[in-house]
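Engineer: Predicted model and sequence follow; I will ask about them next.
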Amino acid sequence: MDGKKCSVWMFLPLVFTLFTSAGLWIVYFIAVEDNKIFSLNAPERKPGQKHAPYISIAGDEPPASCVFSQVMNMAAFLALVVAVLRFIQLKPKVLNPWLNVSGLVALCLASFGMTLLGNFQLTNDEEIHNVGTSLTFGFVMCFLCYFGTFAVEFRHYRYEIVCSEYQENFLSFSESLSEASEYQTDQV
């Protein structure tokens, strides 16, 4: 693998996966340290003691809730960026675009769920929190592993964002992506 031919975009899916995983573990350790939840290796809890180590309970009170909100918001943003880039990457290659569009919609819903999950703590608004949980874990947990595989394909792509007053110049953005695909050695 030649370093000159690899794009920096290949690190985006890896950063997303590692950042999200590490952030959730940090929230867990903060909550254990503050005695909000018991640790995973603790013996059985007695009635009336600390809560089980659920991430929603771990991220329910400060300071863990602040870190949890930030982790989920950053994860939502990175997931959305990866989803859009993947959509753009596959757009010129797919014959039936419904699967590509479905993937983009699912990832957008999961990103929205992450923001709901992180910003509405369980004790403050349980209903909205649970909607966010359903969206996030229904869609993004399946995609966490999937995102990690994008690094191989992102290594040869060069994304360029051009701001212009004219509508037709924006459409040339997809043309520059097809030119970048000539550098790609792996087939989708």
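Structural biologist: Right, received. Where do you want to start? Numbers count the residues shown, from 1 in each chain.
Engineer: biggest helix in this structure, by residue count?
Structural biologist: Longest among the helix segments of the chain by residue count, using DSSP state H, is helix 64-90.
Engineer: Which SSE is immediately downstream of it?
Structural biologist: Moving toward the C-terminus from helix 64-90, the next helix or strand (DSSP states H and E) is helix 98-119.
Engineer: and that following helix, which residues are buried?
Structural biologist: Buried residues in helix 98-119, counted by 16 or more other CB atoms under 10 Å: 100, 103-104, 106-119. For every residue, glycine as well, the C-beta is placed using N, CA and C.
Engineer: Give me the below-cutoff pLDDT ranges for this protein.
Structural biologist: Within the chain, the ranges that satisfy pLDDT under 70 run 1-4, 44-53, 140-153, 166-188.
Engineer: Spatially central residue for it, please.
Structural biologist: Within the chain, the residue whose C-alpha comes closest to the C-alpha centroid is residue 79; the distance, by CA atoms, centre = their mean, is 3.2 Å.
Engineer: pretty sure that residue contacts residue 111?
Structural biologist: Yes: here residue 79 reaches residue 111: they are 4.8 Å apart, a contact under CB atoms under 8 Å.
Engineer: The residue nearest to the centre of the chain and residue 156, how far apart?
Structural biologist: Relative to residue 156, residue 79 is positioned 22 Å away (CB to CB, to the nearest Å).
Engineer: go on, residue 132?
Structural biologist: As judged by CB to CB, residue 132 and residue 156 stand 35 Å apart.
Engineer: So those two - more neighbours on which side?
Structural biologist: For residue 132 versus residue 156, the count of surrounding residues by other CB atoms under 10 Å is larger for residue 132: 24 against 18.
Engineer: which one is that one nearest to, not counting chain neighbours?
Structural biologist: residue 116 (2.9 Å; CB to CB, 6 or more residues apart in numbering).
Engineer: cool, residue 94 as well?
Structural biologist: Leaving out its chain neighbours, the residue that sits closest to residue 94 by CB to CB, 6+ apart is residue 100, at 5.1 Å.
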